[in-house]
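Novice: here is my input, please return the structure:
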Amino acid sequence: MSIKDAQSPLSAAPAARTRHHQVVIVGGGSAGATVAARLCRALKEPDVAVIEPSDVHYYQPLWTLVGGGVTNKETTRRREADVLPSKATLVRNAAKEFIPSENTVVLDDGSKVTYDYLVVAMGIKLNWTAIKGMSPDLIGQHGICSNYLYEGCEQTWKTLQAFKGGNAVFTMPVPPIKCAGAPQKIMYLADDHFRRSGVREKATVSFFCGAPSIFSVKEYAETLAGIVQRKGIQTHFKYQLAEIQPDSQTAIFHSTGEEDPIEIHFDMIHITPPQCAPDVLKGSPISDAGGWVSADKFTLQHPEFPNIFSLGDCSSLPTSKTGAAIRKQAPVVAENLMKTMRGEPTASFKRYDGYTSCPLVTGYGKLILAEFDYDLKPKETFPFNQNKERWSMYQLKRHGLPALYWNGMLKGRA
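Specialist: Take a look at the predicted model:
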């Protein structure tokens, strides 16, 4: 699907050195766009501005299936102006500094946006340079691929098709990362593809994971461990990719424990980059020591600045960073922000229980729908055992969830 050049009904922000809005949302990704939609639907006369430098909005969960050759990358994008509510104002710029004591966001061009209420939804930074020798420019060369970029996911499928045997390596850094299941989803699809193309017997498939286990929830971890064993995948836990030597196709992994480093030759490698808070949040008065925006884990309100809320990947919320988590966080932010506007006590606030979901693709036509809360206890939606590979759940990810995202979540209706 191509992006149309037609004019959007979204109002464009005029040039100004200082402008004011009742509600300012920094970030127009999944979290920011969803909160904007909910506020514009709920407020009688919404004055909501969304600060976002990109003119394209991506539905990233489908990039796994793009990398597996199931769909085209063009189906995962829309114009940013087309996914935001028409009553919102798009400020096409990037935040450079937060001054919460003055209710001010400073933008890259030096202009300022002041607010009565602020929502921070800036996502997460892909920290490619944390891997020595690695650059996004290497994706598609030397057997290196990654689904963590729009152009990269298409290169992953080309890499899988070109693989004729040898060492196929898949990496996952130490969390936090967005969708911690994604690094192994593409591995399972690759394993299936290798079997279909007749090269699996010539291949060694390895998973190097910075975490201590394959999944944080015990019930799902046990099932995934059985799938790994069934597929004959070699696992190395507490190992993180530290260096890539593209010319010799060598990867060096450092242990997060006390084990020795591992150096391995690869014929193909799928890299999940280390991830961190956006640079603008590091050292910011609204952030914690790690650069994540401080937020009460239940109300999503800032503990020091009550007119600030945060959600999504950039927040300090101790749950997996997924779109499903955002879908549950967004109504909490919208409702609690409006209660703050009305001067209602925090005791009346809506509460978020840490719900998140990871649709774990385990092969073509197979998926385990993991859903859980802050306590790492399953919190499942359907009246059957979701801890089982199912064709129906694969179809949900392939067709149902994208439709829910574009037509429900981003419209403030789901």
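Novice: from residue 331, how far off is residue 61?
Specialist: The spacing between residue 61 and residue 331, counted by CB to CB, to the nearest Å, is 20 Å. Heads up, the C-betas are built off the backbone N, CA and C, glycines and all.
Novice: er, residue 161 I mean
Specialist: Distance, residue 161 to residue 331, using CB to CB: 42 Å.
Novice: out of these two, which sits in the busier spot?
Specialist: residue 331 (17 against 11; other CB atoms under 10 Å).
Novice: that one in helix, strand or coil?
Specialist: Judged by DSSP: H, G, I helix; E, B strand; the rest coil, the three-state class of residue 331 is helix.
Novice: contact partners for it?
Specialist: 38, 350 (CB atoms under 8 Å, 6 or more residues apart in numbering).
Novice: now do 7 Å
Specialist: Residue 331 is in contact with residue 38, counting by CB atoms under 7 Å, 6 or more residues apart in numbering.
Novice: measure it to residue 283 for me?
Specialist: 31 Å.
Novice: can you give me the helices in this protein?
Specialist: 30-42, 63-67, 80-83, 150-162, 182-197, 218-231, 323-341, 391-395, 401-407 (DSSP state H).
Novice: could you dump these into JSON lines and include mean pLDDT and distance to residue 107?
Specialist: Listed next are the helices of the chain as JSON lines, based on pLDDT from 0 to 100; distance: least, CB to CB, whole Å:
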{"stretch": "helix 30-42", "mean pLDDT": "98", "distance to residue 107": "15"}
{"stretch": "helix 63-67", "mean pLDDT": "98", "distance to residue 107": "29"}
{"stretch": "helix 80-83", "mean pLDDT": "96", "distance to residue 107": "16"}
{"stretch": "helix 150-162", "mean pLDDT": "97", "distance to residue 107": "25"}
{"stretch": "helix 182-197", "mean pLDDT": "98", "distance to residue 107": "32"}
{"stretch": "helix 218-231", "mean pLDDT": "98", "distance to residue 107": "42"}
{"stretch": "helix 323-341", "mean pLDDT": "98", "distance to residue 107": "22"}
{"stretch": "helix 391-395", "mean pLDDT": "98", "distance to residue 107": "42"}
{"stretch": "helix 401-407", "mean pLDDT": "97", "distance to residue 107": "28"}
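Novice: burial count for the nearest residue in space to residue 355 that is not next to it in sequence?
Specialist: With CB to CB, 6 or more residues apart in numbering as the criterion, residue 355 has its nearest non-adjacent residue at 4.6 Å, and that residue is residue 328. Neighbourhood size, residue 328 [other CB under 10 Å]: 19.
Novice: thought residue 328 was touching residue 352?
Specialist: Yes. Using CB atoms under 7 Å, residue 328 makes contact with residue 352 at a distance of 6.3 Å.
Novice: now for the chain, the helix or strand with the poorest mean pLDDT.
Specialist: In the chain, the helix or strand scored least confidently by mean pLDDT, DSSP states H and E is strand 11-12, which has a mean of 52.
Novice: separation between the residue positioned nearest the centre of the chain and residue 273?
Specialist: Centroid-nearest residue in the chain, with CA atoms, centre = their mean: residue 178, separated by 3.7 Å. Using CB to CB, residue 178 is found at 11 Å from residue 273.
Novice: try residue 314
Specialist: As for residue 314, its distance to residue 273 is 16 Å (criterion: CB to CB).
Novice: residues contacting residue 76?
Specialist: Neighbour list for residue 76: 58, 59, 62, 63, 66 [criterion: CB under 7 Å, 6+ apart].
Novice: try 6 Å this time
Specialist: Under the criterion of CB atoms under 6 Å, 6 or more residues apart in numbering, the neighbours of residue 76 are 58, 59, 62.
Novice: against residue 359, how distant is the last one?
Specialist: This points to residue 62. 11 Å.
Novice: from memory residue 23 sits against residue 48, does it?
Specialist: Yes. In terms of CB atoms under 6 Å, residue 23 counts as a neighbour of residue 48; the distance is 4.6 Å.
Novice: what residue ranges in this protein score low on pLDDT?
Specialist: 1-16 (pLDDT under 70).
Novice: domains in it, by residue range?
Specialist: Per automatic domain parsing, the structural domains of the chain span 11-124+278-354+406-411, 126-276.
Novice: what about the shortest one, how long is it end to end?
Specialist: Pointing back at domain 126-276 there. 7 Å (CA to CA, to the nearest Å).
Novice: and for stretch 24-36?
Specialist: Where stretch 24-36 begins and where it ends lie 9 Å apart, using CA to CA.
Novice: any residues touching that stretch, and which ones?
Specialist: By CB under 6 Å, 6+ apart, stretch 24-36 touches 48-52, 80, 83-85, 88, 95, 113, 115, 118-123, 311-312, 323, 326, 330, 333-334, 409-410.
Novice: before we move on, what about stretch 333-341?
Specialist: 35, 38, 39, 117, 299, 300, 309, 311, 349, 350.
Novice: give me the buried subset of those residues.
Specialist: Taking 16 or more other CB atoms under 10 Å as the criterion, what is buried in these is 35, 38, 39, 117, 299, 300, 309, 311, 349.
Novice: residue 144: neighbouring residues, count only.
Specialist: The number of residues near residue 144, taken as other CB under 10 Å, comes to 25.
Novice: over to the one 4 residues further on?
Specialist: Around residue 148 sit 25 other residues, with neighbours defined as other CB under 10 Å.
Novice: now do the contacts for it.
Specialist: 126, 273.
Novice: the same query, at a cut-off of 10 Å, please.
Specialist: If a contact means CB atoms under 10 Å, 6 or more residues apart in numbering, then residue 148 has 60, 63, 67, 126, 128, 136, 139, 156, 177-179, 182-183, 270-273, 275 as its contacts.
Novice: what does residue 389 give?
Specialist: Contacts of residue 389 (CB under 10 Å, 6+ apart): 188, 223, 227, 360, 361, 362, 363, 365, 366, 367, 368.
Novice: lovely, talk soon.
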